[in-house]
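S.K.: This is a predicted model, with the sequence first.
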Amino acid sequence: MINAVSNLLPHSADRVMMALGGTVGAMFSFAFGDIGPLIVWLASFVVLDYVTGILSAVRNRQWKSRELFYGTIRKIIIFVMVALAHGLDVALHDLIHVDFVQSIIIVAYIAGEFGSIIENLEKAGLGHVVPPVFKHILDGVNLYLDRQVDKHLAMEAKRENEKHRNL
C-alpha cells in the first residue's frame with residue numbers, strides 16, 4: 001500500500017519543479033488577483049513576441065545577447081506594471097467599486113505586443129503570413145503617430161523662433 005502511494009507522489013526533480021511552480025503561482029495570484037484569461041493572453045503574446053524577435057534577429061544575422069537581455073528586462077517590467085495596476089485597483093476599490101486599471105494596462109500591453117509581433121515577422125521576411133488588414137492597421141497607427149510627432153515638433157520650433165525674436 002505504501003509503495004502504491006509513493007509511486008503516485010513526485011520524485012526529487014518533480015518535487016522541486018512542483019514547489020517552484022506552486023510558489024510562482026502563489027506569487028502571481030497575490031500580485032495579479034483573479035484576472036484569468038487576460039493574464040494568459042498577455043503571457044501568450046509576450047512569449048510569441050519574444051520568439052518572433054529571436055527569429056527575426058537570427059534570420060537577419062543581428063543576434064546580440066545584450067539586446068536579448070534588455071528585451072527580457074522589458075518583458076519583466078510589463079508584468080511588474082500589471083502588478084502595480086492591480087495594486088491601484090485594490091487601493092481604489094473602496095472608493096469607486098470598480099476594478100478596471102489592471103484590465104486596461106493588460107489590454108494595452110497586449111496591443112503593443114501584437115504590433116511588435118507583426119513588425120518582427122516583417123523583419124524576418126515572413127510578412128506574407130500576416131493578413132493585410134493587420135498591416136494596414138499597424139501602418140495607419142504609425143502614420144497617425146508620425147503626424148502627431150511632426151505637428152508637435154512644428155509647434156515646438158515655432159515657439160523657439162518666437163522666443164529668439166523676443167530676445
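M.R.: Here it is on my side, so go on. What you see is a predicted model; the values in this text were computed from it and never measured. Numbers count the residues shown, from 1 in each chain.

S.K.: Which elements pack onto the longest helix anywhere in the chain?
M.R.: Criterion DSSP state H: the longest helix present in the chain is helix 132-166. Counting contacts by 3 or more CB pairs under 8 Å, 6 or more residues apart in numbering; DSSP states H and E, helix 132-166 packs against helix 101-123. C-betas here are computed from N, CA, C, even on glycine.

S.K.: Please work out which residues outside the helix it packs on touch it.
M.R.: 32-33, 35, 38-39, 41-42, 45-46, 48-49, 52-53, 55-56, 59-60, 78, 81-82, 85-86, 88-89, 92, 127, 129-130, 134-135, 138, 141 (CB atoms under 8 Å, 6 or more residues apart in numbering).

S.K.: Let me know how buried residue 89 is, in neighbour terms.
M.R.: For residue 89, the neighbour count with other CB atoms under 10 Å is 20.

S.K.: right, I mislabeled it, should have said residue 121
M.R.: With other CB under 10 Å as criterion, residue 121 counts 19.

S.K.: What pLDDT is listed against the residue nearest to the spatial centre of the chain?
M.R.: With distances taken as CA atoms, centre = their mean, residue 109 lies nearest the centre of the chain, 4.6 Å away. Note on residue 109: pLDDT of 88.

S.K.: Let's test this: mean pLDDT of the longest helix of the chain, rounded?
M.R.: Rounded mean pLDDT across helix 132-166 is 82.

S.K.: Report the buried residues of that helix.
M.R.: residue 138 (16 or more other CB atoms under 10 Å).

S.K.: If you compare the directions of it and helix 101-123, what angle comes out?
M.R.: Relative orientation of helix 132-166 and helix 101-123, computed by axes from the mean of the first three to the mean of the last three CA atoms, to 10 degrees: 100 degrees.

S.K.: Domain parsing of the chain, as residue ranges.
M.R.: 1-32, 34-130, 131-167 (automatic domain parsing).

S.K.: Would you tell me which one of those domains is buried the most?
M.R.: domain 34-130 (a mean of 15; mean count of other CB atoms under 10 Å).

S.K.: Work out the gap between that domain and the centre of the chain.
M.R.: 1 Å (CA atoms, centre = their mean, to the nearest Å).

S.K.: Look up how far residue 42 lies from residue 130.
M.R.: 20 Å (CB to CB, to the nearest Å).

S.K.: for residue 154, same thing?
M.R.: 37 Å.

S.K.: ok, now residue 54?
M.R.: 19 Å.
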